[in-house]
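J.: Fold the following, please.
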Amino acid sequence: MNLEQNQQLKEKISPWRVSVAPMMDWTDRHCRYFHRLLSRHALLYTEMVTTGALLHGDVPRHLRFDETEHPIALQLGGSEPADLARAAKIGQDWGYDEINLNCGCPSERVQRGAFGACLMREPALVADGVKAMVDVVDVPVTVKHRIGIDQEESYGFVRDFVGSVADAGCRVFIVHARNAWLKGLSPKENREIPPLRYEVAARLKVDFPQLTIAINGGFKEDASVHAQLALLDGVMVGREAYHNPWWLARWDEQFFGATTNPLTPELAEEQMVAYMEREAAEHGTHWYSIARHMLGLRHGLPGARRWRQVWSDHRLKHLPASEVMALARTRPW
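T.: Next up is the predicted model:
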């Protein structure tokens with residue numbers, strides 16, 4: 001596929017068709033660089049970054065990314081409209097292609113900051129925040145949210161939330177198709193225990209056909225993604241993309257109609273080692289903090305367990321990444 005055909009493909013297909021979810025402590029810039037090697041077209045998201053971290057903290061540490069990561073979206077955590085607007089403008093100035101507001105995280109720490117899933121109880125506040133961001137940036141402002149809070153399972157709750165926020169200028173909603181239980185469940189349990197209700201997202205698309213509706217939650221194979229793409233505008237994949245990243249190598253062909261990715265696991269590893277060496281030279285980043293993101297690369301392949309053991313062996317930290325790769329490839333399986 002030449003550059004002109006690639007551009008035509010991007011213009012034809014929704015940017016939200018298939019994406020990798022924002023995941024705290026996981027989807028940092030090293031993880032995103034790795035995922036971009038595997039898929040040229042999937043939309044990538046940052047970890048959630050709070051408005052306070054951008055307004056009062058180390059902005060480069062939170063927002064630096066490699067140009068190859070485009071298309072890339074910045075997910076913000078916050079609730080004060082003025083702060084959200086300032087943070088969104090910073091994100092746009094840094095080159096992000098989208099600003100996403102987190103209205104789905106159920107952790108108690110996030111709740112104490114008065115943002116995340118608890119914001120679904122305050123649609124007017126979310127609408128004010130969205131409008132404040134829309135007024136100062138030219139890139140899309142999107143919202144990622146749950147379908148309900150605690151035991152509230154009425155469709156009207158999420159319908160009214162989406163309607164209110166859409167009126168403020170949000171045209172794209174990423175629907176994590178589970179309720180968020182704000183008390184009694186850990187963040188991990190909140191990703192597993194509340195039942196998935198994909199039909200709620202499909203109903204939102206019927207009621208709001210003018211909006212882009214993408215769905216998130218529990219996707220692990222091609223067939224389930226294709227099934228949702230027949231009903232909705234996009235699918236966001238979370239943990240499976242991290243634990244089984246080689247799946248992404250099929251995405252361009254499966255979901256974007258692009259040519260097959262010629263990458264092999266071995267070539268992906270070599271390119272990540274080159275990236276590790278560059279990061280070490282330019283930023284003093286140790287390869288160990290980067291390698292953790294690719295430990296699932298050989299998921300399901302012969303020798304995967306031993307390969308992971310080499311790359312996660314802290315006793316090898318003193319070695320250059322290229323030597324660790326050589327060990328991973330030469331140790332007996």
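
J.: Please count neighbours and contacts with C-alpha atoms only from this point.
T.: Fine.

J.: can you list the weak-confidence ranges in this protein?
T.: Across the chain, the ranges flagged by pLDDT under 70 are 1-12, 109-113, 331-333.

J.: Which residues does the biggest strand by length in it contact?
T.: For the chain, the longest strand by residue count, based on DSSP state E, is strand 43-50. For strand 43-50, contacts defined as CA atoms under 8 Å, 6 or more residues apart in numbering pick out 15-16, 18-29, 32, 62, 69-78, 102.

J.: Now, of these, which are buried?
T.: Buried by 16 or more other CA atoms under 10 Å: 15-16, 18-23, 26-29, 32, 62, 69-78, 102, out of these.

J.: can you give me the strands for this structure?
T.: Listed in chain order, the strands of the chain (DSSP E) span 18-20, 43-50, 72-77, 98-103, 141-145, 148-149, 172-176, 179-180, 212-216, 234-237.

J.: Just list what the first one packs against, helices and strands only.
T.: Where contact means 3 or more CA pairs under 8 Å, 6 or more residues apart in numbering; DSSP states H and E, strand 18-20 is packed against strand 43-50, strand 234-237.

J.: With mean neighbour count and distance to Leu84 added, can I get those in JSON lines?
T.: Output for the helices and strands packed on strand 18-20, formatted as JSON lines (neighbours: other CA atoms under 10 Å; distance: least, CA to CA, whole Å):
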{"stretch": "strand 43-50", "mean neighbour count": "24", "distance to Leu84": "9"}
{"stretch": "strand 234-237", "mean neighbour count": "25", "distance to Leu84": "23"}
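
J.: Compare these and give me the one nearest Val324.
T.: strand 43-50 (27.9 Å; CA to CA).

J.: Pull up the pairing partners for that closest one, direction included.
T.: strand 18-20 (parallel), strand 72-77 (parallel) (DSSP bridges).

J.: Output it in PDB with nothing but the alpha carbons.
T.: Taking Å, rounded to 0.1, in the frame of the first residue of the first chain, the C-alpha atoms of strand 43-50 are listed here in PDB:
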ATOM      1  CA  LEU A  43      -6.100   4.600  17.700                       C
ATOM      2  CA  LEU A  44      -3.900   4.600  20.800                       C
ATOM      3  CA  TYR A  45      -4.600   6.300  24.100                       C
ATOM      4  CA  THR A  46      -2.400   7.600  26.900                       C
ATOM      5  CA  GLU A  47      -2.800   6.500  30.500                       C
ATOM      6  CA  MET A  48      -5.200   8.900  32.300                       C
ATOM      7  CA  VAL A  49      -3.400  12.100  33.100                       C
ATOM      8  CA  THR A  50      -5.000  14.400  35.700                       C
END
